[in-house]
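Visitor: I'll drop the sequence and a predicted model, then ask my questions.
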Amino acid sequence: MKNALKNTLFISFIGLLSFTLIAQNHTNISAAANQLEDYLPLLHNKKIGVVGNHNSLVKSPSGYIHLVDTLHQSGVQIEKVFGPEHGFRGKAPDGEKINNDIDLKTGIPIVSLYGQSRKPSAKQLQGIDLLLFDLQSVGVRFYTYLSTLHLVLEACAENQIPIVLLDRPNPNGYYIDGPVLDSKFKSFVGMHPIPIVYGMTLGEMAQMIIGEGWLDTPTSPKLKVLPVENYRRQRNITIPFPPSPNLPNAHAIALYPSLCLLEPTVVSVGRGTNQQFQIYGHPDFESDFSFVPQPNSASKYPKLVQKECFGVDLQNESKPEQIRLNYLLDAYTRIKDKSEFFLSTFERIAGNDILRKQVIAGLSETEIRASWEPQLSDFKKKRKKYLLYPNE
């Protein structure tokens, strides 16, 4: 195997460690979950539901403590926990359906929002006085925590349950780019007419979802957003821990919006390795760099499993200022059988049926970008009234 990936476990460990090390450079930025004095009074004498996962953490002098554990120890009456894709403790592989469960640590029932249903039912919300929402997103349209937020807002509106959203910084919040979603391709990996990278936190997006009338409800939910302290849309924002199993470090999060356009193609983006969303390749490519996807805890059934893929190592790529279409265009150029390149799900990720045609027709990156206007400019204007934080 030519220049096969070496020391991947060590690289993965360094990548995970980088979250903590870099985050220490931004100790003045504090997620809303850390501001206990601002929301504990709102929970007093109420039966609470929590939408959260492994990133729903509260910083303490001894380290990070899970929000549910913190509230439980504080005497807050938590009736249920609702977990998104990857589960409440964040260990489920990509795309794996998750069943309802009981949290072994607290004994609190866990309702899966990535199993039989993705929206809390009236029965599941019965007896809950207030819902607390705390998920760490990465500011990308097809990252499913945004869709979970939408459906939770809808359920709260239908059942007249107020929702308090504990906001977190967006590591990709310093730019806006990509085609705006065509409503014909609305799905769980894209529910809103927004670009791929939308430059907003989940708190800001919650306000936009309600304000633009995107909920399928006659009434709006009662929403309170608690903001991040000292957050601006800085380019160098990182988060303390990986938000999901296949985004193991800050570099993967930065390249995710660009490389995810290769997910609905025959090309591997490193799932089944320890360099997910930091490499791409295919057995047909010609390259001195190669890797072999194998089943692991993050991907049970990775694309091109146990096949040697030749391709591109992006470990030394700089942080993007925009979506890098060159990865998609390069991969299409390299593939031998171009008729097999795109998978049927490509339009759901692209958000339109134009990008596939543009690539096949041989349009340049400049020409493709020009087609994103004026919708992209219209979105930038529209989002302004929902912003809670200044730019860098």
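Guide: Arrived safely.
Visitor: dump the residue contacts of the residue nearest the centre of the chain.
Guide: In the chain, the C-alpha nearest the mean C-alpha coordinate belongs to Y143, at 3.5 Å (CA atoms, centre = their mean). Residues near Y143 by CB atoms under 8 Å, 6 or more residues apart in numbering: 137, 256. The way it works is simple: take the backbone N, C-alpha and C, and place the C-beta from them, glycine included.
Visitor: what's the helix or strand for it?
Guide: Under DSSP states H and E, no helix or strand contains Y143.
Visitor: and it, what's its pLDDT?
Guide: Looking at Y143, its pLDDT stands at 97.
Visitor: let me see the backbone angles for it.
Guide: Backbone torsions of Y143, given as degrees, to the nearest 10, read phi -80, psi 120.
Visitor: again, but for E229
Guide: When quoted as degrees, to the nearest 10, the phi and psi of E229 stand at phi -80, psi 140.
Visitor: give me the beta-bridge partners of it?
Guide: E229 has these beta-bridge partners by DSSP bridges: S30.
Visitor: that one contacts D38, correct?
Guide: No. Taking contacts as CB atoms under 8 Å, E229 lies outside contact range of D38: 9.7 Å.
Visitor: for the closest residue in space to T70 that isn't next to it in sequence, give me phi and psi.
Guide: Nearest residue to T70, sequence neighbours excluded (CB to CB, 6 or more residues apart in numbering): V58, at 4.6 Å. Backbone torsions for V58, taken as degrees, to the nearest 10, come to phi -120, psi 130.
Visitor: picking up where we left off before, for E308, see how far away the residue nearest to the centre of the chain is.
Guide: Distance check for Y143 against E308: by CB to CB, to the nearest Å, it reads 30 Å.
Visitor: now L71
Guide: To E308, L71 is 49 Å away according to CB to CB.
Visitor: neighbour count: those two, which is higher?
Guide: L71 (23 against 15; other CB atoms under 10 Å).
Visitor: secondary structure element holding the more buried one?
Guide: Assigned by DSSP H and E, L71 falls within helix 67-73.
Visitor: in the stretch 101-250 of the chain, which spans are strands?
Guide: For the stretch 101-250 of the chain, the strands defined by DSSP state E, counting those that start in this stretch cover 101-102, 109-112, 130-134, 163-166, 223-226.
Visitor: mean pLDDT and distance to E154 added to the ones you listed, as TSV?
Guide: Formatted as TSV, the strands of the stretch 101-250 of the chain follow (pLDDT from 0 to 100; distance: least, CB to CB, whole Å):
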stretch	mean pLDDT	distance to E154
strand 101-102	92	24
strand 109-112	95	15
strand 130-134	98	12
strand 163-166	98	11
strand 223-226	98	12
